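**Q** no sequence on hand, only this structure:
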């Protein structure tokens, strides 16, 4: 299966238009039509309906495979180029919002780093495809357990931090004066859903109800929504306590059960050198957590 044809197919399916895909890819519309026809001939099945442009059942199934396949190809290209190129003087670092913490700030050199704050699910792909040299990603885990990350490329993964959790809630909340809370006690609570900035609700509390959805990566905005009473949010304890103090209207209540922690992991290619290797070493220095390589 020709990856060029596959990329064209993905673009047409995503944009629902042959002409829009041609503009995005820099092809003529005729070339795009030829690419789709060639792919359909190779697979001996129709992949797209034409009016309207939409994936057929076979096309939908191919789309499920296309993303991981193309990302693996990008990762392979980036891995080879890292070996062939001279060590760069600058480092591009991708980090999820809650991974931008004291360890990162202490490790950053005065110059030479470009920091890209991305949603957690985009960090592994950014490193795998070579868009960034290193990544810091975070999430919920049992103590000392690694995060469950997508298998996008052979990335070296190092746990660099674990922190207790706390709920950020307004001072007037019924649980604001508690010494600690269990998530089971909050079965009827309303939560903020912030997939790009906060910690996911599903692993923490499967029956959570959403009061408001926040699509953004600004932690200050997320914490302001919580302390103003628009919904509860689960955060690393240090972040929750700092936000509560800064707002003057919020309270951070430690999470007692279940036994979960906020875990941060460093992602690096199998081969890292130069400034990227130096920064990775500083981020991992003194880490008591595990080191592993994804297959």
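**A** Now that the structure is in, tell me what you want to look at. Just so you know, these numbers come straight off a predicted model, no measurement behind them.
**Q** and the helices in the stretch 51-200 of the chain, which stretches?
**A** Using DSSP state H, counting those that start in this stretch, the helices of the stretch 51-200 of the chain run over 57-84, 102-107, 123-128.
**Q** just for the stretch 151-295 of the chain, where's the confidence low?
**A** 201-208, 286-295 (pLDDT under 70).
**Q** please, where are all the strands along it?
**A** 155-163, 165-170, 181-182, 190-193, 209-213, 233-236, 250-257, 261-269, 291-293 (DSSP state E, counting those that start in this stretch).
**Q** out of those strands, which gets nearest to residue 27?
**A** When the strands of the stretch 151-295 of the chain are compared by C-beta to C-beta, strand 261-269 sits nearest residue 27, at 31.1 Å. C-beta coordinates here come from the backbone N, C-alpha and C atoms, glycine included.
**Q** ok now that closest one, how far from the chain's centre?
**A** Computed by C-alpha atoms, centre = their mean, to the nearest Å, the chain-centroid distance of strand 261-269 equals 11 Å.
**Q** for it, which strands pair with it and how are they oriented?
**A** Next to strand 261-269 in the sheet, as set by DSSP bridges, lie strand 134-141 (antiparallel), strand 155-163 (antiparallel).
**Q** just name the most buried of the ones you listed.
**A** Of the strands paired with strand 261-269, the one with the most neighbours on average (mean count of other C-beta atoms under 10 Å) is strand 134-141, at a mean of 24.
**Q** so which of the strands paired with strand 261-269 is nearest residue 72?
**A** strand 155-163 (12.0 Å).
**Q** tell me the angle of that closest one relative to helix 57-84?
**A** Angle, strand 155-163 to helix 57-84, by axes from the mean of the first three to the mean of the last three C-alpha atoms, to 10 degrees: 90 degrees.
**Q** quick one on the thing from earlier: any chance of the strands paired with strand 261-269 in TSV, with distance to residue 244 too?
**A** TSV is the format used below for the strands paired with strand 261-269 (distance: least, C-beta to C-beta, whole Å):
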stretch	distance to residue 244
strand 134-141	20
strand 155-163	16
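**Q** in terms of mean pLDDT, which of the helices of the stretch 51-200 of the chain ranks lowest?
**A** Here the lowest mean pLDDT among the helices of the stretch 51-200 of the chain goes to helix 57-84, at a mean of 80.
**Q** now for that one, which elements pack on it?
**A** If you count contacts as 3 or more C-beta pairs under 8 Å, 6 or more residues apart in numbering; DSSP states H and E, helix 57-84 packs onto helix 3-15, helix 123-128, strand 261-269.
**Q** taking helix 3-15 as reference, get the angle to the following helix or strand past the first one.
**A** In the C-terminal direction, the helix or strand that comes right after helix 3-15 (DSSP states H and E) is helix 18-25. Taking the same axes, to 10 degrees, helix 18-25 and helix 3-15 form an angle of 120 degrees between their directions.
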